[in-house]
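Enquirer: any chance you can model this:
(2 chains)
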Amino acid sequence: QQQVRQSPQSLTVWEGETAILNCSYENSAFDYFPWYQQFPGEGPALLIAIRSVSDKKEDGRFTIFFNKREKKLSLHITDSQPGDSATYFCAASQGGSAKLIFGEGTKLTVSS
Amino acid sequence: AQTIHQWPVAEIKAVGSPLSLGCTIKGKSSPNLYWYWQATGGTLQQLFYSITVGQVESVVQLNLSASRPKDDQFILSTEKLLLSHSGFYLCAWSRDWGVAEQFFGPGTRLTVL
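Expert: All right, here's what the predicted structure looks like:
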């Protein structure tokens, strides 16, 4: 059973547009949700994260919107750049746990 | 600043041969350490974690083992590789137990033939 789901599997946007990546989860006990950015052949890099006590987290062009009731969150990338082309993973963990559960990833392509 | 190094960068091994992958963290004492496996084009699956030297917990069984011989070193190994072991192996660290932010190394690409 996949505890963290992401959609779409792949997404293409034009340079300057806003990319919206979706994530949902099963376990209501999850309270920490990081997003990782991974380029081919590299390890994932922590991009931005949110805790369940917040409904929004912003860092530059990257914003997480969180809906605890619906167990959904989304990552918005505004003014998308070709350098943002990568695979983005949503993950979740429960307070005090060392276990991070990852989604299947969304491959983002930004065309110029 | 903390740095994480993995070795080797890539390996090509035969089915049935042994394997040893390594990970070293510099700039952080007593980190929590993790091993992940990623199939090509797939998600990340946590394999092991370690809170302290000599203690390793297994998360999934994939005919692999892990050890932490030093505070800054984490080793992943097996005596007999399977085709299904092919993939990308990632080491990660976090500051303290219960702190969820995990930071990943550059990874080791393993191809089993």
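
Enquirer: report how many residues lie close to residue B:105.
Expert: For residue B:105, the count of nearby residues is 24 (other CB atoms under 10 Å in any protein chain shown). No exception for glycine: its C-beta is placed from N, CA and C like everyone else's.

Enquirer: distance of it from residue A:66?
Expert: Residue B:105 sits 28 Å away from residue A:66, going by CB to CB, to the nearest Å.

Enquirer: can you check residue A:58 too?
Expert: Counting by CB to CB, the gap from residue A:58 to residue A:66 is 12 Å.

Enquirer: which one of those two is surrounded by more residues?
Expert: Per other CB under 10 Å, whichever of residue A:58 and residue A:66 has more neighbours is residue A:66, with 19 against 13.

Enquirer: just the element for that one, please.
Expert: In the assignment (DSSP states H and E), residue A:66 maps to strand A:62-67.

Enquirer: packing partners of that strand?
Expert: On a contact count with 3 or more CB pairs under 8 Å, 6 or more residues apart in numbering or on different chains; DSSP states H and E, strand A:62-67 meets strand A:30-38, strand A:45-51, strand A:56-59, strand A:72-77.

Enquirer: for chain B, find the nearest of those strands.
Expert: Closest approach to chain B among the helices and strands packed on strand A:62-67 is made by strand A:30-38 (4.3 Å; CB to the nearest CB).
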